[in-house]
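K.L.:
sharing a model that was predicted from the sequence below.
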Amino acid sequence: MDDEDLRERLEQRLMSHGVYVTHLETDDGTLRIDYETATPGEGVPHQEVGRVLNRLLALADDGWDPTDVRGTVADIDGDHRGAWRADSEWLVAHDRGELSDVDLSQRVLDTIEEA
């Protein structure tokens, strides 16, 4: 699955939740996703991190190969709110059933760097 197809599939599922993908590219084996959130407040909305991650995991069934993921979050005015990451080995372990949903979520949430 190429980046354009991946972006389109993510956008279709995330826009209704107030998540707007502004940039997506795979660079040196890392998927970089920049998105804007319509959620008020400061920092990275944890629920949206889960939505992005869950959508990516669902796309693995459609041909997306899990890779390192780096998410950068801004508000709708473009102000940086923070960043997060998911390492490929966590995603692969989750896919194999070696890492639970809760454990994967906690690992990713632990990586959040607030702006």
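P.N.:
That came in fine, so what should we check first? Numbers count the residues shown, from 1 in each chain.

K.L.:
going forward, measure contacts and count neighbours with C-alpha atoms only.
P.N.:
Will do.

K.L.:
just checking, residue 83 touches residue 69?
P.N.:
No. Between residue 83 and residue 69 no contact is recorded; they are 10.7 Å apart, counting by C-alpha atoms under 8 Å.

K.L.:
relative to residue 7, how far out is the closest residue to residue 46 other than its chain neighbours?
P.N.:
Excluding its sequence neighbours, the residue lying closest to residue 46 (C-alpha to C-alpha, 6 or more residues apart in numbering) is residue 109, at 7.0 Å. Per C-alpha to C-alpha, to the nearest Å, residue 109 is found 22 Å from residue 7.

K.L.:
strands of the protein, residue ranges please.
P.N.:
For the chain, strands defined by DSSP state E occupy the ranges 19-27, 30-37, 68-75, 80-86, 113-114.

K.L.:
pairing partners for the third one, with directions?
P.N.:
Strand 68-75 has the following strand partners under DSSP bridges: strand 30-37 (parallel), strand 80-86 (antiparallel).

K.L.:
who's the residue nearest to residue 48 when sequence neighbours are not counted bridged to?
P.N.:
Spatial nearest neighbour of residue 48, chain neighbours left out: residue 19 (7.3 Å); criterion: C-alpha to C-alpha, 6+ apart. On the basis of DSSP bridges, residue 19 is bridged to residue 37.

K.L.:
and what of residue 73?
P.N.:
Counting by DSSP bridges, the residues bridging with residue 73 are residue 35, residue 82.

K.L.:
so what's the residue count around it?
P.N.:
Residue 73: 28 surrounding residues under other C-alpha atoms under 10 Å.

K.L.:
next: residue 37.
P.N.:
The burial count for residue 37: 22, using other C-alpha under 10 Å.

K.L.:
do residue 99 as well
P.N.:
Counted with other C-alpha under 10 Å, residue 99 comes out at 15.

K.L.:
phi, psi of it?
P.N.:
Note on residue 99: backbone dihedrals following degrees, to the nearest 10 are phi -140, psi 120.

K.L.:
sweet, I'm off.
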